[in-house]
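Chemist: pasting the structure only:
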């Protein structure tokens, strides 16, 4: 019985981390990807100043690594940190979007 209660509590605690941003925020994130990411990675995300961000180019890179790059940037490169403007859920959604996993 204790095990079942513990598992239920852990499942509830995990829900906010897996939550998707609200619909209004998703619209903002789509615009950010198109405008801000596109300004360095190309409007079609095929590459430019920054590396390509197509689903094919990102296929072999883990989601956590991509999320960290979005939030922390890449020191010594033009890739800025977006933490402060984006949170973990935002970064997670962007990665899923870039990999073609969002509608």
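Modeler: Thanks, I have the structure now. The structure presented is a predicted model; accordingly, all values stated were derived computationally and were not measured.

Chemist: look up how far residue 59 lies from the residue nearest to residue 55 when sequence neighbours are not counted.
Modeler: The shortest distance from residue 55 to any non-neighbouring residue, by Cβ to Cβ, 6 or more residues apart in numbering, is to residue 100 (4.2 Å). Placement of C-beta: from N, CA and C, glycine included. According to Cβ to Cβ, to the nearest Å, residue 100 stands 10 Å off from residue 59.

Chemist: cool, residue 33 as well?
Modeler: Per Cβ to Cβ, residue 33 is found 18 Å from residue 59.

Chemist: who has more neighbours, the two?
Modeler: Taking neighbours as other Cβ atoms under 10 Å, residue 33 and residue 59 compare with residue 33 leading, 17 against 9.

Chemist: list the residues that contact the more buried one.
Modeler: Counting by Cβ atoms under 8 Å, 6 or more residues apart in numbering, residue 33 touches 94, 97, 98.

Chemist: who wins on neighbours among those residues?
Modeler: The most crowded member of the contacts of residue 33 is residue 94, carrying 24 neighbours; neighbours defined as other Cβ under 10 Å.

Chemist: pick out the residue closest to the middle of the chain.
Modeler: Closest to where the C-alpha atoms of the chain average out (Cα atoms, centre = their mean) is residue 91, at 2.7 Å.
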